[in-house]
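S.K.: Here is a sequence with its predicted model. Questions after.
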Amino acid sequence: MEQKRTDGKDGDAARRPRRAPRPEDRVLDAERSRRQLLDAALDVFSAKGFDGARVQEIADRAGVNKQLISYYFGGKLGLYRELQKAWQERETDLGGPSLPLEEAVVRHLHEALADPRPMRLGLWRGLTNPSELAADEVEEREDLSHTYARRDRRELAADIDPACAVLLLIGAVAAPVTMPQLVRRIFGTEASDPAFQEQYEEQLRGVIRRLALPLPDGDDTTAPDTTGPDATTPHATAPGPAAPPDVEPASRRPGQPGPAPADQREDP
């Protein structure tokens, strides 16, 4: 019987002990796996919501064992909340208190157009409100102190309620990426079209500037606080808003007809 050789190169390779990964290599591998899982989870959660997402699909997209989801995040719910935490931190970076309101909103718009997934994830949360998320979680009120400070700096007119302004501007940022079908119906193009994005940004900047304009009649009455601890409700007999000033008509889209001259209008 032929005796198996254990000397030479083959024997050396067989006897050589396997080198254990260095601690820094293990850290890099762990960070890489976490990033891959978070990115894959954002894909799946934003497409299917919390209830529709499956941990196996997330793991397959990330190219890792699904047990790592429990190891790093404690399970599906922990992974979801880690995404929420990451987005809140990103929001802070996008719109600091010293940044002008116009630039803060446009930064959020750029972020949403570049990566619609966080905005779509928020839409799923609002529509489905999964019971697992609401069971042990208390939603905190939005901190509007920065918006009030911006009104004090006259970036918002005195009659503009900061809470209403925040909700209005969030909706304006979210609309192109959460309702792309409306972009196609109204503008005849995709939200990813650079020409549309440029036009939309320009118009949004114009709207924000108009929010800083004072009331037409010179009334500088401050809007009632409807959100803070000293919130007040306007009296039912309070006068309505003054009539808007004469303004130039908004620019029309190519091919859109304007109003007919007075002498050509049909009698009702």
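M.R.: Arrived safely.

S.K.: any low-confidence regions in the stretch 1-150 of the chain?
M.R.: Scanning the stretch 1-150 of the chain with the threshold set as pLDDT under 70 gives 1-28, 129-139.

S.K.: so where's the longest helix in this protein?
M.R.: helix 23-52 (DSSP state H).

S.K.: which strands and helices sit next to that one?
M.R.: helix 55-62, helix 67-73, helix 76-94, helix 117-128 (3 or more Cβ pairs under 8 Å, 6 or more residues apart in numbering; DSSP states H and E). (Glycine included, C-beta is placed from N, CA and C.)

S.K.: can you put these in CSV and add distance to Glu102 and mean neighbour count?
M.R.: Below are these laid out as CSV (distance: least, Cβ to Cβ, whole Å; neighbours: other Cβ atoms under 10 Å):
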stretch, distance to Glu102, mean neighbour count
helix 55-62, 37, 18
helix 67-73, 37, 16
helix 76-94, 13, 15
helix 117-128, 20, 17
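
S.K.: and of the ones you listed, who's closest to His146?
M.R.: Closest to His146 of the helices and strands packed on helix 23-52, according to Cβ to Cβ: helix 76-94, at 10.3 Å.

S.K.: returning to that earlier point: select, out of the helices and strands packed on helix 23-52, the one closest to Arg34.
M.R.: Using Cβ to Cβ, the helices and strands packed on helix 23-52 put helix 67-73 closest to Arg34, at 5.4 Å.

S.K.: Against which helices or strands is the closest one packed?
M.R.: Packing partners of helix 67-73 (3+ Cβ pairs under 8 Å, 6+ apart): helix 23-52, helix 55-62, helix 76-94.

S.K.: I'd like those laid out as CSV, including distance to Arg184.
M.R.: CSV is the format used below for the helices and strands packed on helix 67-73 (distance: least, Cβ to Cβ, whole Å):
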stretch, distance to Arg184
helix 23-52, 19
helix 55-62, 28
helix 76-94, 27
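
S.K.: circling back: out of the helices and strands packed on helix 23-52, the one nearest Glu111 is which?
M.R.: It is, among the helices and strands packed on helix 23-52 and with distance given as Cβ to Cβ, helix 76-94, at 6.0 Å.

S.K.: got the CA coordinates for the next helix or strand after that closest one in CSV?
M.R.: Per DSSP states H and E, helix 76-94 leads on to helix 101-114 as the next helix or strand towards the C-terminus. Below are the C-alpha coordinates for helix 101-114, written out as CSV (Å, rounded to 0.1, in the frame of the first residue of the first chain):
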residue,chain,number,x,y,z
LEU,A,101,-35.3,77.9,6.0
GLU,A,102,-35.1,77.9,2.3
GLU,A,103,-31.8,76.0,2.2
ALA,A,104,-32.9,73.5,4.9
VAL,A,105,-36.0,72.6,2.9
VAL,A,106,-34.1,72.3,-0.4
ARG,A,107,-31.5,70.1,1.3
HIS,A,108,-34.3,67.8,2.3
LEU,A,109,-35.7,67.8,-1.2
HIS,A,110,-32.3,66.9,-2.7
GLU,A,111,-32.0,64.1,-0.2
ALA,A,112,-35.5,62.7,-1.0
LEU,A,113,-34.9,62.9,-4.7
ALA,A,114,-31.5,61.2,-4.5
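
S.K.: quick one, helix 101-114 and helix 117-128 angle?
M.R.: Inter-element angle recorded for helix 101-114 and helix 117-128: 90 degrees (by axes from the mean of the first three to the mean of the last three Cα atoms, to 10 degrees).

S.K.: Other residues contacting helix 101-114?
M.R.: 90-91, 94-96, 99, 118-119, 147, 150, 155-156, 169, 172-174, 176-177, 191-192, 197, 200-201, 204-205, 208-209 (Cβ atoms under 8 Å, 6 or more residues apart in numbering).

S.K.: Any chance of a ChimeraX selection covering the buried ones in the residues you listed?
M.R.: To isolate the buried ones among the contacts of helix 101-114 in ChimeraX, judged by 16 or more other Cβ atoms under 10 Å, type:
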select :94,95,118,119,147,150,155,156,169,172,173,174,176,177,191,197,200,204,208
